[in-house]
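Visitor: fold the following.
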Amino acid sequence: LNLKQLNLRVHSEEPVLIKLSAKGEGKIKADQIELTSDVEIMNKNLVIATITDPKATLDMEITVQQGRGYVPVEEREEEQHDLGTIAVDAIYTPVKDVGYSVESTRVGDVTNFEKLTISVETDGTMTPSEAILQSVDILQDHLAIIKNGVENPESEESEEEEASEDTDIEAEEEPKEEEK
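Guide: Sure, this is the predicted structure:
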């Protein structure tokens, strides 16, 4: 079975059940899966299995859901499954590869600028532009947590700690020379 390579876009917050039924000899492709309105297959030509016996049948119920990152089967052991269920690792990340390059460039007469080029390859469930925008949002959210933690510390610091913090900040600043 080649289910790990199946790229889906799930529009429901809840798990969705999709079905695959095939009879006879031949290749079973992703486009043979019976979908609900909550699921789209992005790689419809993916060969999921090959049946070599003309009398054989394949019946599957596949549960799909939204998620983030990579979740191996071992981390989902607490889930209860019916007899005959084959659990597979969940690969939620749509980004397959990311690369970048930095080149010197000029703007007008100024030559000390740098140009950043980012190349992103996805599995088709999201465009590279959408992936970059989502990663920017995630990074901003994480940096906001750090910023808010520095601006509004949850624990009350003693006056001694505040004084030493002020001293450290002053020690980092270089004294400015006054012109005479």
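
Visitor: measure how buried Asn152 is and give me the count.
Guide: For Asn152, the neighbour count with other C-beta atoms under 10 Å is 7. No exception for glycine: its C-beta is placed from N, CA and C like everyone else's.

Visitor: can you check Asp123 too?
Guide: For Asp123, using other C-beta under 10 Å, the count is 17.

Visitor: isn't it right up against Asn7?
Guide: Yes: assessed by C-beta atoms under 8 Å, Asp123 is found in contact with Asn7 at 4.4 Å.

Visitor: now list whatever residues contact both of the two.
Guide: When contacts are counted by C-beta atoms under 8 Å, 6 or more residues apart in numbering, Asp123 and Asn7 are jointly contacted by Met42, Asn43, Pro94.

Visitor: which residues does the last one contact?
Guide: Residues counted as contacts of Pro94 (C-beta under 8 Å, 6+ apart) are Asn7, Thr122, Asp123, Gly124, Thr125, Met126, Ala131.

Visitor: also the first one?
Guide: Contacts of Met42 were listed using C-beta under 8 Å, 6+ apart, and they are Asn7, Leu8, Arg9, Asp123, Gly124, Thr125.

Visitor: and for Gln134?
Guide: So Gln134 contacts Met126 (C-beta under 8 Å, 6+ apart).

Visitor: isn't there a helix covering it?
Guide: Yes: counting by DSSP: H, G, I helix; E, B strand; the rest coil, Gln134 falls inside a helix.

Visitor: name the SS class of the residue nearest the centre of the chain, please.
Guide: In the chain, the residue lying closest to the centroid (C-alpha atoms, centre = their mean) is Thr93, at 3.6 Å. Assigned with three-state DSSP, Thr93 falls in the coil class.

Visitor: also the one 4 residues further on?
Guide: State at Asp97, reduced to three classes by three-state DSSP: strand.

Visitor: wait, it sits on Glu121?
Guide: Yes: contact criterion C-beta under 8 Å: Asp97 and Glu121 qualify, at 4.2 Å.

Visitor: how far away is the nearest residue to Pro128 once chain neighbours are set aside from Val98?
Guide: Of all residues beyond its chain neighbours, the one nearest Pro128 is Val120 (3.8 Å), with distances taken as C-beta to C-beta, 6 or more residues apart in numbering. For Val120, the distance to Val98 equals 5 Å [C-beta to C-beta, to the nearest Å].

Visitor: looking at the two, which is more packed in?
Guide: Remark: of Val120 and Val98, Val120 carries more neighbours, 19 against 14, as counted by other C-beta under 10 Å.
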